[in-house]
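Chemist: Compute the structure for the input listed below.
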Amino acid sequence: MSGVVVFVVLLAVGVAAGAAVAVALWRRSWPETPAFARPRPVASPGGLAPDPNAGFFTDRGFLFRKRLFFVGTGCPPQLVTDFSSLDVSQREQPVRIARHGIRSWWWFEGEFYREAAGLQVDDVRTWVRERRRRQRARQDRARFLSAAEESLRKRENG
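Modeler: Model prediction:
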């Protein structure tokens, strides 16, 4: 009877030690944080801004398992577990990808944005669409002015 108890105790200790080693190796294999992603203090809550550094990358961790991480400006690598559903959702509505402190990172229509103002999905959608509308208007205005200048040049030379 005591032999069975000793065996069970040794088995439990072995399993616990194995689990501790696995967790330590998992943490040790966390990817390095790029310089742009190191956390910074937030001077003031900021509205939405494009984040050109944001994106996903894969890494092989403990036992060479493939893992997907998100990283952005001021956002150290964060493990992403449901990429495929996020990828589908971001095509129709903004998706919050990560949070670090008071900052949030959003993914919408293939682009990444960061903010520290506590925005909601509708706020992000409205801001992005308004920004794109203004960009299109600027491009249209530039094309119009360029065409007008070309027309004047042709008239002066002709």
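Chemist: Tally up the residues packed near Gln93, please.
Modeler: 13 (other C-beta atoms under 10 Å). For glycine as for every other residue, the C-beta is placed from the backbone atoms N, C-alpha and C.
Chemist: swap that for Leu68, please
Modeler: Neighbours of Leu68 under the rule other C-beta under 10 Å: 15.
Chemist: check which helix or strand covers it.
Modeler: strand 66-72 (DSSP states H and E).
Chemist: Can you tell me what sits against that strand?
Modeler: Contacting residues not belonging to strand 66-72 are listed as 31, 33-34, 37, 51, 53-61, 77-81, 83, 97-98, 105, 112, 114 [C-beta atoms under 8 Å, 6 or more residues apart in numbering].
Chemist: cutoff 10 Å now
Modeler: 26, 29-31, 33-34, 36-37, 51-61, 76-84, 86, 97-98, 100, 103-107, 112-114 (C-beta atoms under 10 Å, 6 or more residues apart in numbering).
Chemist: partner strands of it, parallel or antiparallel?
Modeler: Each strand paired with strand 66-72, and its direction, by DSSP bridges: strand 55-60 (antiparallel), strand 75-79 (antiparallel).
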